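Participant: Coordinates for the following, if possible.
(3 chains)
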Amino acid sequence: MPVELAPGLIHHPGRLDAAARRRLAADVAAVLAAAPPVTPRMPRTGKPFSVRMSNCGPLGWVSDRDGYRYQPHHPETGAPWPAMPAAVLEAWEDLSGHTAPPEACLINLYAPGTRMGLHQDRDEADLSAPVLSLSLGAPALFRYGGLRRSDPTRSIRLMAGDALVMGGPSRLIHHGVDRILPAGDLLGAAEDPLPGILPAGGRCNLTLRRVTQPGAVSGVQA
DNA sequence: CAGTCTCA
DNA sequence: GGAG
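Facilitator: Numbers count the residues shown, from 1 in each chain, chains lettered A, B, ... in the order given. A predicted model of the protein is given here:
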């Protein structure tokens, strides 16, 4: 059953069963074969993220010395991002409450020890759509706060199969990943969703977003 | 510009 | 965990 952590911030524990998780993982593996994970870098400083990333869908989120942006092609291969898999689109239809389809699915790969500092998802022109997060693999300690970075924060454990919707008043809240937890930390067998791609004990997170304004002309990025 | 980091 |  869903838990409303804050207005517009909905946690769906165990939303994806084992079969759905396997199907999603297989789809993600196929995407990563065509769009290999990239190590993003901080704008200006070039400091690498610990998380590795890829994308599927018409647009993908990338970060390098030039800044954050969405672009239609892989930054290293130059190929268009792979199409959004059916399992991803179905999750959006089930959980987003949004009629227009997602335009970007960012794939975050967390090896053990990887973290993601508190940040906002604010590179999208259309903020009326929620961000939908799906978790695979190892559990993670997820932290969320408010609209201001200095707002008080709380943390929850995000597990394989969990979905999290950040929408409405929570669309721009700060959030991050404090740490990847040992797979055996809780009951439930360790799942390695992407063997050969993600180290054992790692986590894969998918975030689905709407990027462009409803009326935007193709080729023009707000 | 920033989803970085380290210090405390 | 909060600040810079």
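Participant: near DNA strand C, which residues of chain A?
Facilitator: Proximity of chain A to DNA strand C, by Cβ under 7 Å from any atom of the strand, involves residues A:117, A:143, A:145, A:149-150, A:152-153, A:155, A:178. Quick note: C-beta positions are derived from backbone N, CA and C, even for glycine.
Participant: Weed out the non-buried ones from the residues you listed.
Facilitator: Using 16 or more other Cβ atoms under 10 Å as the burial test, the residues of chain A next to DNA strand C include A:143, A:145, A:153 as buried.
Participant: for chain A, longest helix please?
Facilitator: The residue-count maximum for a helix in chain A (DSSP state H) belongs to helix A:18-34.
Participant: which of the residues in it are buried?
Facilitator: For helix A:18-34, the neighbour count (16+ other Cβ under 10 Å) marks A:21, A:23-25, A:27-29, A:31-32 as buried.
Participant: The nearest residue to residue A:67 once chain neighbours are set aside: what's it in contact with?
Facilitator: The spatially closest residue to residue A:67, leaving aside those adjacent along the chain, is residue A:43, at 4.5 Å (Cβ to Cβ, 6 or more residues apart in numbering). Residues in contact with residue A:43 (Cβ atoms under 8 Å, 6 or more residues apart in numbering) are A:63-68.
Participant: most surrounded residue in these?
Facilitator: Tallying neighbours with other Cβ atoms under 10 Å puts residue A:63 at the head of the contacts of residue A:43, with 18 neighbours.
Participant: So that residue lies in a helix, does it not?
Facilitator: No. Residue A:63: not assigned to a helix; according to DSSP: H, G, I helix; E, B strand; the rest coil it is strand.
Participant: just checking, residue A:73 touches residue A:79?
Facilitator: Yes. Assessed by Cβ atoms under 8 Å, residue A:73 is found in contact with residue A:79 at 6.2 Å.
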